[in-house]
Every structure is written in structure tokens, then in C-alpha cells.
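**Student:** Predicted coordinates and the sequence they were generated for:
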Amino acid sequence: MPWVPVQFKGKEVWAESDESGAPVLAGGLRKIRYSAAEGARLYTANAANIQSTGARPVPMPEPGVADEPKAPSARGSGFGKAGTRTASQTAAANVDAKTRIAALGPDVILAFTDGACSGNPGPAGSGCVVKLPGGRVIERHKGLGEGTNNIAELVAIGMALDVLKAEGVDPASPVVIFSDSSYCKGVLTQNWKAKANGVLIRKLKEAMAQWPKAELHWVAGHVGIPENERADALARKGVHDSR
């Protein structure tokens, strides 16, 4: 496997690459090594913290074994926050999302959800984009009246599940739901204690349980993923309807 010299936290290290020098990414991370020696210890680093030196990749002896990188969450992703991300963070988040989406099999149903709110609380809306095997795409939006952004994000996930049910999708089908809400990821899958929205969260957990192969993944918002951007536009349409 080729390795290319890069800058990481002010130091020159080697990062795994393909033959052209392009990064090899997994979950927004890159494999790096500090030594060219055989069996060198292998690390993982946020791609957003790695800067290219313009050097060409070179072959190196096999490194040691690194821990399998995990898919990012909003906390500690290295991608920053929407509205304040640097250009490098946006680019890294874009590549991460596209890499993870491309790695999913053709039989996996994809759903992208988003919520929006003007004022928080204020006029709220939810939107979802569901991509079924075979290329069919179903879009939904809903105005929620007065609500919070967290409520809108939760409702959007429920809308995606409602689409699956309405379309008669086999509950045993693999489903991946992408949300840019760390709150939803936390309260629905990571046992975060919610101070509000308890009834909605409970009902949504019950709905998700009907789809045993459904997974909820966090994805950085507003980094150029077309389906995520479309879900945002639909959510904002819901906000307009609520006004």
C-alpha cells in the first residue's frame, strides 16, 4: 500500500493513499504512521487535521495493526459545526459521507431526514428523502406548527419510517437513516437522557423496533450531500407551511 508524506499537527507523517496520492478514508479518518520501518505503529487521525504536502506516494513496508476506525458522531468528528466549518472540514465531511454511502450495498434502503425551525421554538417543519432499491425516490415534508428544532428532527425520522410502511417495504429490509442531528442519534441509540420530548422519543423507538435492520447514522449537515440538502429544503418548506 502506498503512503504519502502529509502534515499532521505540525509534524510530517505518512498517510495511507492510493497510487495517485488520493486519501483512503474510513469514517472520516485516515491511517497514519510516524515511521517508515516495517511493523511501525499505525494510528488513525481525523482527515480534517491532515494537510497535503503535494508529495508523491511511496511504497513502504507493512505497518503494525491499527484499531478499526469508527463512524463519526457529531461529538469529536473533527468536522466542526454547520455555519462555522473551515473549507478543509467541509471537504473532509463531504468525502466521509460519500464514502460511507457508497460502501452500502445496492439492497440497502437509504433515508435522509432533517428538521428546521425558525426561532426555536417557532414555526417548525420536517423533511425526508427515501431512496428505495431500483432507484425510486420518495420525498415528504410536513409543517408542524409551533415547535423546536429537536422535535422537527425527530418527526423527520418518523416520517421516513412511515414512508417505508406506506410502501409496503419488508420490515426485514436493511435500512440506513442519515440524520445531521446528534441529539436524535443520542436519545434514540445512545441512551442519552432527554429532558423533553419523552413521549415522542418513546414512540419513535417503538417505531424503529419494527425495523430490526434499521440503523441511524449521524452525517454532517450542509457539506454538499445532495439528499441531505434536499431534506433540509423540504424541512424549510414545512417551516413555510407552518407560518
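**Tutor:** Looks like it arrived, so ask away.
**Student:** And for His141, nearest residue in space, chain neighbours not counted?
**Tutor:** In space, and not counting its chain neighbours, His141 is closest to Leu234: 3.9 Å by C-beta to C-beta, 6 or more residues apart in numbering. C-betas here are computed from N, CA, C, even on glycine.
**Student:** The one you found: which element?
**Tutor:** If you go by DSSP states H and E, Leu234 is part of helix 226-242.
**Student:** Need the residues that contact that helix.
**Tutor:** Identification of contacts with helix 226-242 by C-beta atoms under 8 Å, 6 or more residues apart in numbering yields 97, 110, 112-118, 123-129, 131, 139-147, 152, 156, 178, 180, 219, 221-222.
**Student:** Repeat that for stretch 22-37.
**Tutor:** Outside stretch 22-37, the residues touching it (C-beta under 8 Å, 6+ apart) are 3, 6, 8, 11, 13-18, 40-48, 50, 60-61, 63, 66, 69-72, 77-79, 92-93, 95-96, 99-100.
**Student:** and the end-to-end length of that stretch?
**Tutor:** Length of stretch 22-37, first residue to last, C-alpha to C-alpha, to the nearest Å: 22 Å.
**Student:** likewise stretch 117-125?
**Tutor:** 6 Å.
**Student:** measure the residue nearest to His141 to Thr99 for me?
**Tutor:** Remark: distance between Leu234 and Thr99 (C-beta to C-beta, to the nearest Å) = 25 Å.
**Student:** Those two: which has the busier surroundings?
**Tutor:** Between Leu234 and Thr99, Leu234 has the larger neighbour count (other C-beta atoms under 10 Å), namely 24 against 15.
**Student:** Walk me through the domains of the protein.
**Tutor:** As assigned by automatic domain parsing, the chain contains the domains 2-59, 104-242.
**Student:** and among the ones you listed, the most buried is which?
**Tutor:** Most buried of those, by mean neighbour count (mean count of other C-beta atoms under 10 Å): domain 104-242, with a mean of 19.
**Student:** got the contact list for the helix or strand containing Val13?
**Tutor:** Element membership of Val13 [criterion: DSSP H and E] is strand 11-16. By C-beta under 8 Å, 6+ apart, the list of residues contacting strand 11-16 from outside reads 1-8, 23-24, 30-34, 36, 45, 50, 53, 60.
**Student:** what do you get if the cut-off is 6 Å, keeping everything else the same?
**Tutor:** Residues outside strand 11-16 that contact it (C-beta atoms under 6 Å, 6 or more residues apart in numbering) are 1, 3-6, 24, 30-34.
**Student:** And those, which is the shakiest by pLDDT?
**Tutor:** pLDDT is lowest at Met1 among the contacts of strand 11-16; the value there is 71.
**Student:** number of nearby residues for it?
**Tutor:** Counted by other C-beta under 10 Å, the residues lying close to Met1 total 13.
**Student:** Against Ala15, how distant is it?
**Tutor:** For Met1 relative to Ala15 (C-beta to C-beta), the value is 11 Å.
**Student:** re the thing from before, pull the helix holding Leu234 out as CSV, backbone CA atoms only.
**Tutor:** Taking C-alpha atoms only, helix 226-242 is exported to CSV below (Å, rounded to 0.1, in the frame of the first residue of the first chain):
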residue,chain,number,x,y,z
PRO,A,226,-27.5,16.2,-2.3
GLU,A,227,-30.0,14.1,-0.4
ASN,A,228,-29.2,15.8,2.9
GLU,A,229,-29.5,19.2,1.3
ARG,A,230,-32.8,18.2,-0.3
ALA,A,231,-34.2,17.0,3.1
ASP,A,232,-33.2,20.4,4.5
ALA,A,233,-35.1,22.2,1.7
LEU,A,234,-38.1,20.0,2.4
ALA,A,235,-37.9,20.8,6.1
ARG,A,236,-37.8,24.5,5.4
LYS,A,237,-40.8,24.1,3.1
GLY,A,238,-42.5,22.7,6.2
VAL,A,239,-41.5,25.8,8.2
HIS,A,240,-43.1,27.9,5.5
ASP,A,241,-46.3,25.9,5.7
SER,A,242,-46.3,26.4,9.5
